[in-house]
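Peer 1: Let me see the structure of the following:
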Amino acid sequence: MVVSFVSAGVMTFSQSIGFILGANIGTTITAQIIDFKITKYALAMIAAGFLIETLPNEGKRDITEPC
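Peer 2: Below is the predicted model:
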């Protein structure tokens, strides 16, 4: 589907590379989450997420925003 978008001019080639890499990374991370014992790391992940959300974001780019 991404190739057809590039062919139609809806997306640029550089946008398609990001899209494909993101899909591949997401698939890999999902497989690793399923494979590992998630219960061992759940508390650490919750703590890390809490810290990321509560720390002040002054002068830093938000990691959820694109460049």
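Peer 1: pLDDT on the helix or strand encompassing residue 49, on average?
Peer 2: Residue 49 belongs to helix 38-54 when assigned by DSSP states H and E. Helix 38-54 shows a mean pLDDT of 86.
Peer 1: What's the separation between residue 41 and residue 1?
Peer 2: Here the distance between residue 41 and residue 1 works out to 34 Å (CB to CB, to the nearest Å). For glycine as for every other residue, the C-beta is placed from the backbone atoms N, C-alpha and C.
Peer 1: With only the CA atoms kept, save the helix holding residue 49 in PDB.
Peer 2: What follows is helix 38-54, C-alpha atoms only, in PDB (Å, rounded to 0.1, in the frame of the first residue of the first chain):
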ATOM      1  CA  ILE A  38       6.200  -8.900  31.100                       C
ATOM      2  CA  THR A  39       5.200  -9.300  34.700                       C
ATOM      3  CA  LYS A  40       8.900  -9.100  35.700                       C
ATOM      4  CA  TYR A  41       9.300  -5.600  34.200                       C
ATOM      5  CA  ALA A  42       5.800  -4.200  34.600                       C
ATOM      6  CA  LEU A  43       6.600  -2.200  37.800                       C
ATOM      7  CA  ALA A  44       9.700  -0.700  36.200                       C
ATOM      8  CA  MET A  45       7.900   0.300  33.000                       C
ATOM      9  CA  ILE A  46       5.100   1.900  35.000                       C
ATOM     10  CA  ALA A  47       7.600   3.800  37.100                       C
ATOM     11  CA  ALA A  48       9.500   5.000  34.000                       C
ATOM     12  CA  GLY A  49       6.200   6.100  32.400                       C
ATOM     13  CA  PHE A  50       5.200   8.000  35.500                       C
ATOM     14  CA  LEU A  51       8.600   9.800  35.600                       C
ATOM     15  CA  ILE A  52       8.500  10.700  32.000                       C
ATOM     16  CA  GLU A  53       5.000  12.200  32.400                       C
ATOM     17  CA  THR A  54       5.700  14.100  35.600                       C
END
